[in-house]
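Novice: this one's structure only:
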Ligand SMILES: [Zn+2]
């Protein structure tokens, strides 16, 4: 299978539960064990209280489209996703926002709307990496 995008190398320990979760079809996001703040991306200190006592919680995989851009060509030749495609900022039900692609919808501003409900799609890239994409909620 030809890869359509460069893949991350999930090696940093603070992000490992995220990548392990995706492989099992779960969206895991960091949650501070001290103040309860849920955040994304994974990091070693809580962005709310600066605690290093970070745990993980399974997110529902549901959210809404916070913002988007329809890309009409890739500026990086390593990305072979067919244009036009949708760069999306997803606001998860749990609060944090994450960058992704919105798929399974016409990349047309007449149909893609901010605040539309979305749900996660787990797309396996290889044995090590599964990525989180989003589609309109069914
Ligand atoms: Zn905290």
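Specialist: Done, it's in. Given the structure is predicted, the values throughout are model-derived calculations rather than measurements.

Novice: How far does the longest strand anywhere in the chain sit from its chain's centre?
Specialist: Criterion DSSP state E: the longest strand present in the chain is strand 62-71. Offset of strand 62-71 from its chain centre (CA atoms, centre = their mean, to the nearest Å): 11 Å.

Novice: Stretch 78-88 too?
Specialist: 15 Å.

Novice: now do the same end-to-end measure for it.
Specialist: The first residue of stretch 78-88 is 19 Å away from its last residue (CA to CA, to the nearest Å).

Novice: show me what contacts the closest residue to residue 7 other than its chain neighbours?
Specialist: Distances taken as CB to CB, 6 or more residues apart in numbering place residue 129 nearest to residue 7, at 4.9 Å, with adjacent residues excluded. From N, CA and C alone the C-beta is placed, and that goes for glycine too. Residue 129 sits next to 7, 8, 10, 19, 22, 23 when contact means CB atoms under 8 Å, 6 or more residues apart in numbering.

Novice: What score does residue 129 have for pLDDT?
Specialist: Looking at residue 129, its pLDDT reads 94.

Novice: what lines up beside the longest strand of the chain in the sheet?
Specialist: Strand 62-71 has its sheet partners listed here by DSSP bridges as strand 85-92 (antiparallel), strand 117-124 (antiparallel).

Novice: most neighbours per residue, which of these?
Specialist: With neighbours defined as mean count of other CB atoms under 10 Å, those peak in mean count at strand 85-92, which reaches a mean of 19.

Novice: how about residue 22, secondary structure?
Specialist: Secondary structure, DSSP: H, G, I helix; E, B strand; the rest coil: residue 22 is helix.

Novice: sorry, back to before: can you redo the strands paired with strand 62-71 as a markdown table with mean pLDDT and distance to the ion?
Specialist: Formatted as a markdown table, the strands paired with strand 62-71 follow (pLDDT from 0 to 100; distance: least, CB to the ion, whole Å):
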| stretch | mean pLDDT | distance to the ion |
| --- | --- | --- |
| strand 85-92 | 97 | 17 |
| strand 117-124 | 97 | 25 |
